[in-house]
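Asks: 3D model of this:
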Amino acid sequence: MLLVAPAPARAEAPRILVLGDSISAAYGMELEQGWVHLLQQRLQLEGYPHRVVNASISGETTAGGLARLPELLQTHAPDVVILELGGNDGLRGLGLQQTRDNLERMIELARQQAARVLLLGMRLPPNYGAVYTDAFERIYAQLAGEQYVASVPFFMDGVALEPGMMQPDRIHPTSRAQPQLLDNVWPVLEPVLDADS
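Replies: All right, here's what the predicted structure looks like:
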């Protein structure tokens, strides 16, 4: 009697988990206009098989992201985790050390699940004072260097303070700004995607 082994199941597409706040949740516009949706389109255009899971929530803090991340990692088993968090911590004047610790712990959790990490840096408006804003911005550079993770120094580069790029609240980017946000991420993300190829 011949025993025929079943054909192996088709491997699922690799996944990119985006854990962010309102900027990645496409606040004030349709989800299809947001940079995360544009990322999925860019991946397909460039021939990458990855599927994007957007777990971003408006108002999210690093503490909220840290609380949700373990279940997200278990559910989606991402190959790459993009962390776009910290802005709401800063806008609320939360303790910088706690923000840093939360981001660092998220990096560690992702790595424990064999996911590569991309950290998106943020800056605060100058009205928060130079001491606080400078220390906040340094969090991202320090973590990227110490943890050896890919990073975008300032996710909103070419968007913040630019005419037509920000909504009336001066916090959230417009739909017009979304391609620029993606262009800020893509040159750093692409080598991360190619790491296993």
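Asks: Look up the closest residue to E137, ignoring the ones flanking it.
Replies: Among residues not flanking E137 along the chain, R123 sits closest, at 5.2 Å (C-beta to C-beta, 6 or more residues apart in numbering). Every C-beta, even on glycine, is put in place using the N, C-alpha and C of the backbone.
Asks: Check the secondary structure at the one you found for me.
Replies: Secondary structure state of R123, per DSSP: H, G, I helix; E, B strand; the rest coil, is coil.
Asks: can you pull the contacts of it?
Replies: Counting by C-beta atoms under 8 Å, 6 or more residues apart in numbering, R123 touches 133, 136-137, 154, 156, 160.
Asks: Equivalent analysis for E137, please.
Replies: Contacts of E137 were listed using C-beta under 8 Å, 6+ apart, and they are 121-124, 154.
Asks: Out of the contacts of R123, flag the one nearest to D101.
Replies: F136 (13.9 Å; C-beta to C-beta).
Asks: Ramachandran coordinates for the residue nearest to E137?
Replies: phi -130, psi 160 (degrees, to the nearest 10).
Asks: Is V131 part of a helix or strand, or is it coil?
Replies: At V131 the chain is in helix, as set by three-state DSSP.
Asks: Distance of it relative to Q74?
Replies: 39 Å (C-beta to C-beta, to the nearest Å).
Asks: what about L31, how many residues close to it?
Replies: 11 (other C-beta atoms under 10 Å).
Asks: I'd like the numbering to begin with 10 instead of 1 from here.
Replies: Happy to do that; since the first residue is 10 now, the last one works out to L40.
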